[in-house]
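Peer 1: Let's see this in three dimensions:
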Amino acid sequence: MASDLSAFAPFTLTLAFTYLLHSTLLLGGAWLIVRKGRVRSEALKERVWKLAAVLGLVTAPLQLLLHVAPPAFELTMGGTPSGQVSGAAVASATIEIPAEAFVTPAIPDATVPRLPAESRQHAQAIVANDPLKDRTPDGSVPSAVEPATWPASHETTSTGKRPVLTWIACAFVGAFCAGIARLVLQTVLLYRHLKDSSVIRDPSAFRMLAEISRRGRVRRQFRLLASPTFRQPAAFGLFRWTIVLPEDVLRTFQPNELHALLAHEAAHLVRGDAMWLWAGRILCSCFATQPLNFVARREWRRSSEILCDQWAVHHAANGLALARCLTRVAESNCLVPPRLQALWALETPSHLTQRVERLLDGACESDAWDSRARRRLIAIAALGIATAFVWAAPRTRVLANAAEPLSAGGERAVERTNMHLLGDEIRELSAEIEHVSHLVQSRLPTNRKATELAARISDRAAELKSRYDKLVQAARPPNEATEATDEVY
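Peer 2: Okay, the predicted model is just below:
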């Protein structure tokens, strides 16, 4: 399980860090456009903040999936920068050599060579002068050269730092899962409060909604509820548009105020704010590691409230009645912020003064950026920005070990080093086999089976050397293919 988490950690952190980088650049750019550009259009402000908040969720996965831009920042487990080859990285890389290259066919008995008498005498002289002949009870002589020690793979060299990366990845995944749990809890609480609600049967309220739908050219039906627990009027619902009014509103509000309030809440649903309500909840719950998401949601909600006031005034609502309605809602709900996730008539008291002043001054004129042509222009610009981010925006990459970011020259150096190590192993093995063969021929000259076995092993060592030379030649670049393979030895 720990190895699975360790293998999953680099991908998780790469995606998380790339999203943080993209979203920071997009939201920072939105702030510069709105603040430094002194944008006055509320429709333009709303769309800039919305697009900046959601484009990072699209550009980051696409950029990592397409691999079109080189990583600007890299975090490696072993701490080796990209393009540099350390000793651990060289030792950790391996070359896959097919097992068939080292398979030697059996040598027939008729072809087994026999050592001549002069060779036997020479072998006996070597054994007599060998200082290591008495070190083992069976007469075998260990090699004078210590066998090469193959370094451990990168899985063991980076074990010490792997848990840190894993814990960071688990923190991101845990925050995402906690956000999902928060979304579910908020939805459950909202529908629990709706259990106390009842359908409004007042025909005058339905006539007001029908007039608002006719003037706004709305074809969908509204569900109108009265609740004893809701402190503010609210609107929500993706598939079934629902407007909830406190019971006090039905008893105390004047007809023109109720009409203006219903027009404002209907504007939220007609403009698609219910969908962006869910988008804001997901961004601020599941992607809470990006604090700028909270700023973006606050700013586009502020603009959406002003745009809903404009929509309500342009569709049969009275501006003065709507201003009185907002003031009375603020009085009844003073210092009690809404806790359920819905589209409230009074989102935050901080910009209530601005909204009331606009309504009293009659400044709810049509916004030029709220037209269909301007919306298409913004969509085209957003598509161009997203394409530019996918192809050119900086991205991050988290590597599990230091051997992954090797350049082409570094990979060739690693291959050569491993071939040298393999050559050392074969050379030492051949020396040991030759020594054992001489011992067998000198000490057991009458044992035919031992002599044949020694000859077989000697021929096998020679075959290994030959096959290794062929592998070295095949692994060399074309400009180095003419070099002699004796350099390896």
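Peer 1: can you pull the buried residues of stretch 31-43?
Peer 2: W31, I33, V34, S41, E42, A43 (16 or more other Cβ atoms under 10 Å). For every residue, glycine as well, the C-beta is placed using N, CA and C.
Peer 1: And the contacts of that stretch?
Peer 2: When contacts are defined by Cβ atoms under 8 Å, 6 or more residues apart in numbering, stretch 31-43 is touched by residues 45, 48-49, 295, 299, 303, 306-307, 310, 367-370, 374.
Peer 1: Output these as a markdown table; include the columns secondary structure and pLDDT.
Peer 2: Supplementary listing: the contacts of stretch 31-43 in a markdown table, determined by DSSP: H, G, I helix; E, B strand; the rest coil; pLDDT from 0 to 100:
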| residue | secondary structure | pLDDT |
| --- | --- | --- |
| K45 | helix | 93 |
| V48 | helix | 95 |
| W49 | helix | 96 |
| V295 | helix | 94 |
| E299 | helix | 93 |
| S303 | helix | 92 |
| I306 | helix | 91 |
| L307 | helix | 91 |
| Q310 | helix | 91 |
| D367 | coil | 78 |
| A368 | helix | 80 |
| W369 | helix | 84 |
| D370 | helix | 81 |
| R374 | helix | 90 |
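Peer 1: which of those are buried?
Peer 2: The buried subset of the contacts of stretch 31-43 - by 16+ other Cβ under 10 Å - is K45, V48, W49, E299, S303, I306, L307, Q310, D367, W369, D370, R374.
Peer 1: Which two among those residues are spaced furthest apart?
Peer 2: E299 and R374 (19.0 Å; Cβ to Cβ).
Peer 1: tell me which element V184 falls in.
Peer 2: Assigned by DSSP states H and E, V184 falls within helix 162-194.
Peer 1: Okay, buried residues for that helix please.
Peer 2: By neighbour count, and taking 16+ other Cβ under 10 Å as the criterion, the buried residues in helix 162-194 are 162, 165-166, 168-169, 172, 176, 179, 182-183, 186, 190, 193-194.
Peer 1: same check, this time on stretch 293-302
Peer 2: N293, A296, R297, R298, E299, W300, R301, R302.
Peer 1: Switch those residues over to CSV; also include distance to H268 and secondary structure.
Peer 2: Supplementary listing: the buried residues of stretch 293-302 in CSV, determined by distance: Cβ to Cβ, whole Å; DSSP: H, G, I helix; E, B strand; the rest coil:
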residue, distance to H268, secondary structure
N293, 21, helix
A296, 18, helix
R297, 15, helix
R298, 16, helix
E299, 17, helix
W300, 13, helix
R301, 10, helix
R302, 14, helix
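Peer 1: Which single one of the residues you listed is nearest to S458?
Peer 2: For these, the minimum distance to S458 (Cβ to Cβ) is 72.9 Å, reached by N293.
Peer 1: close enough to count as contact, the closest one and V54?
Peer 2: No. Under the criterion of Cβ atoms under 8 Å, N293 makes no contact with V54, lying 9.8 Å away.
Peer 1: residue ranges of the helices in the stretch 201-350 of the chain, please?
Peer 2: Chain-ordered helices for the stretch 201-350 of the chain, with DSSP state H, counting those that start in this stretch as the definition, fall at 203-216, 247-252, 255-270, 273-286, 292-314, 319-332.
Peer 1: how about those helices in TSV, adding distance to T12?
Peer 2: Formatted as TSV, the entries for these read as follows, by distance: least, Cβ to Cβ, whole Å:
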stretch	distance to T12
helix 203-216	46
helix 247-252	48
helix 255-270	36
helix 273-286	14
helix 292-314	19
helix 319-332	44
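Peer 1: Can you tell me which of those helices is packed in deepest?
Peer 2: helix 255-270 (a mean of 24; mean count of other Cβ atoms under 10 Å).
Peer 1: what about it, average pLDDT?
Peer 2: Over the span of helix 255-270, the pLDDT mean works out to 92.
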